[in-house]
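Trainee: Curious how this folds, go ahead:
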Amino acid sequence: MKTRVQETIKRHEKGYNCAQAVACTYCDLVGVDEEIMFKMTEGFGAGMGNMESVCGAVSGACALAGMKNSTGNLDRPDSKGRTYKLSKEIQERFRSQNCSIICKELKGRDTGKVLRSCPDCIMDAARIAEEVLFDE
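Mentor: Here you go, the predicted structure:
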């Protein structure tokens with residue numbers, strides 16, 4: 001697959017939040033309409049809206065993991081384990097590269113030391129998603 005990392009930045013510059021920028025760039029690969037993915041990931045931006053939680057870019061990549069892997073079996077959910085494994089790998093790779101997956105830590109809200117900018121987080125999460133989910 002040709003990389004789409006730069007496309008994530010174009011979406012972010014257009015006003016998409018970090019989760020939307022990542023998830024919407026690859027939504028066609030997981031069979032989701034972009035408008036639906038946009039709506040679905042809107043609440044994940046800014047560390048779930050207040051910088052206290054997981055980076056939106058990482059959340060967007062994990063949303064893609066669920067969409068790519070889930071069997072959608074409502075009567076007998078049977079794919080959670082594999083999806084959790086993919087999400088964990090995304091988070092571990094991101095944390096290893098950036099020392100955290102928590103938005104406020106990445107932005108240095110309490111320390112004044114920025115570990116990673118939003119555009120850099122978006123590109124990192126997109127690159128990791130490509131490697132973990134779409135490198136076939």
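
Trainee: Ranking helices and strands of the protein by mean pLDDT, which lands last?
Mentor: helix 45-49 (a mean of 92; mean pLDDT, DSSP states H and E).

Trainee: I would like the residues contacting that helix, please.
Mentor: Helix 45-49 has contacts (C-beta atoms under 8 Å, 6 or more residues apart in numbering) with 17-20, 43, 53-56, 59, 102-104. Placement of C-beta: from N, CA and C, glycine included.

Trainee: Need those in CSV (columns: neighbour count).
Mentor: CSV is the format used below for the contacts of helix 45-49 (neighbours: other C-beta atoms under 10 Å):
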residue, neighbour count
Asn17, 24
Cys18, 27
Ala19, 31
Gln20, 29
Gly43, 13
Ser53, 17
Val54, 18
Cys55, 35
Gly56, 32
Ser59, 28
Ile102, 18
Cys103, 26
Lys104, 17
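
Trainee: Closest to Thr111 out of the residues you listed?
Mentor: Proximity of the contacts of helix 45-49 to Thr111 (C-beta to C-beta) peaks at Lys104, which lies at 9.3 Å.

Trainee: related to what we said a few turns ago, switch the contacts of helix 45-49 over to JSON lines; also include secondary structure and pLDDT.
Mentor: Rendered in JSON lines, the data for the contacts of helix 45-49 read as follows (DSSP: H, G, I helix; E, B strand; the rest coil; pLDDT from 0 to 100):
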{"residue": "Asn17", "secondary structure": "coil", "pLDDT": "97"}
{"residue": "Cys18", "secondary structure": "helix", "pLDDT": "97"}
{"residue": "Ala19", "secondary structure": "helix", "pLDDT": "98"}
{"residue": "Gln20", "secondary structure": "helix", "pLDDT": "98"}
{"residue": "Gly43", "secondary structure": "helix", "pLDDT": "96"}
{"residue": "Ser53", "secondary structure": "coil", "pLDDT": "95"}
{"residue": "Val54", "secondary structure": "strand", "pLDDT": "97"}
{"residue": "Cys55", "secondary structure": "coil", "pLDDT": "98"}
{"residue": "Gly56", "secondary structure": "helix", "pLDDT": "97"}
{"residue": "Ser59", "secondary structure": "helix", "pLDDT": "98"}
{"residue": "Ile102", "secondary structure": "strand", "pLDDT": "97"}
{"residue": "Cys103", "secondary structure": "helix", "pLDDT": "97"}
{"residue": "Lys104", "secondary structure": "helix", "pLDDT": "96"}
